[in-house]
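Undergrad: When you get a sec, could you give me coordinates for this:
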Amino acid sequence: MSAPRVSPRRGGAERPWSLVCRCLPLLLAIEIGLVVAAAAPSTLPGRPRAGVSVGALARQVELSVVDTITFADPAGTQILGTGIIVSSSGLVLTDYHVVRGDVFIGVRIDGAGPVHPASIVIDDPSDDLALLQIQGGGAVRPAALESSASAAIGDPVIAIGNAMGLEQTPRAATGRLLALRRTVSYGVGSGTVNLAGILEAATPIFTGDSGGALVNAEGRVIGMIAAGSDDAPCDPAAVCPLHLAFAIPIELALERLGLQRPR
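TA: From the prediction side, this is the model:
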């Protein structure tokens, strides 16, 4: 997508969570006021890979992906997103726009079981990054991480996240990498985030996928989903995917938060 007209869709960012509104967008998996993608500086040929088994790769990663549940006010309004466990001590990487300025955060591992309280260790609004610490969650399984430097345009990828906030096992969707070094801009609250070096993938994502994992054909996380866009028309009352996902390279996210980069 060199410079197309982008027609992003906005979902309600702070709506009460109920059985009825579970079928509607609660948090645009990417709370986008506007997404603009600049051309990547190179168009490397994709390298062929064997077919990807979605189920097998999802099983490798899903226990390292958490639903993030943020209670935005005492009345119980919730914002739902996703996070990636990045350490055996229970550190969780997610987007800042999923947890910004709220009073309680909980996480649910693999979309099942109890909600564990979590605290914000680091928040970085300018890079749309946050690091959480699971409190009293016991043993956790960190995700296998790999630098996006190993990726090439055309590689198969899988997006895994808490699509539509359905409190189920994380949803996985297949796709392929379109670009390795996009520059994107999107709205977070009343501000705008401008990010460089972003991965772009043709894979459907939904409300709730913010903070989810972009996974390569070996089941390793190479990026964290941060934004999305789509030119396809969609009825505002319908649940429609965004077909372009933008992900922060995992090595860039960890570096910005002062953590060790994956190889």
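Undergrad: Got the phi and psi for Asp67?
TA: Backbone torsions of Asp67, given as degrees, to the nearest 10, read phi -80, psi 130.
Undergrad: How many residues are close by it?
TA: When counting by other Cβ atoms under 10 Å, one arrives at 25 neighbours for Asp67. Placement of C-beta: from N, CA and C, glycine included.
Undergrad: Tell me who's in contact with it.
TA: Residues near Asp67 by Cβ atoms under 8 Å, 6 or more residues apart in numbering: 80-83, 107-108, 111, 162, 165, 167, 170, 208.
Undergrad: can you give me the helices in the chain?
TA: 54-61, 96-99, 250-256 (DSSP state H).
Undergrad: how much space is there between Ile69 and Glu255?
TA: Noted for Ile69: a distance of 28 Å to Glu255, by Cβ to Cβ, to the nearest Å.
Undergrad: These two - which one has more neighbours?
TA: Between Ile69 and Glu255, Ile69 has the larger neighbour count (other Cβ under 10 Å), namely 23 against 12.
Undergrad: in the sheet, who's paired with Thr183?
TA: Ala196 (DSSP bridges).
Undergrad: Measure how buried it is and give me the count.
TA: By other Cβ under 10 Å, the residues close to Thr183 number 15.
Undergrad: May I ask which two of the contacts of Asp67 are separated the most?
TA: Greatest spacing in those, by Cβ to Cβ: Gly83 and Glu167 (14.6 Å).
Undergrad: got the contact list for the closest residue in space to Ser89 that isn't next to it in sequence?
TA: Excluding the flanking residues, the one nearest Ser89 by Cβ to Cβ, 6 or more residues apart in numbering is Gln133, at 7.7 Å. By Cβ under 8 Å, 6+ apart, the contact set of Gln133 is 89-92, 118-119, 121.
Undergrad: out of the contacts of Asp67, who's nearest Glu62?
TA: For the contacts of Asp67, the nearest to Glu62 is Pro170 (4.9 Å; Cβ to Cβ).
Undergrad: burial count for that closest one?
TA: Neighbours of Pro170 (other Cβ under 10 Å): 26.
Undergrad: And it, how far from Ile122?
TA: 24 Å.
Undergrad: picking up where we left off before, least confident of the contacts of Asp67?
TA: Checking pLDDT across these, the minimum falls on Glu167 at 64.
Undergrad: And the strands in the stretch 1-150 of the chain, which stretches?
TA: Secondary structure of the stretch 1-150 of the chain (DSSP state E, counting those that start in this stretch): strands at 36-37, 65-71, 78-85, 91-94, 104-109, 116-124, 129-134.
Undergrad: Distance from the chain centre to the fourth one, please.
TA: On the basis of Cα atoms, centre = their mean, to the nearest Å, the separation between the geometric centre of strand 91-94 and that of its chain is 11 Å.
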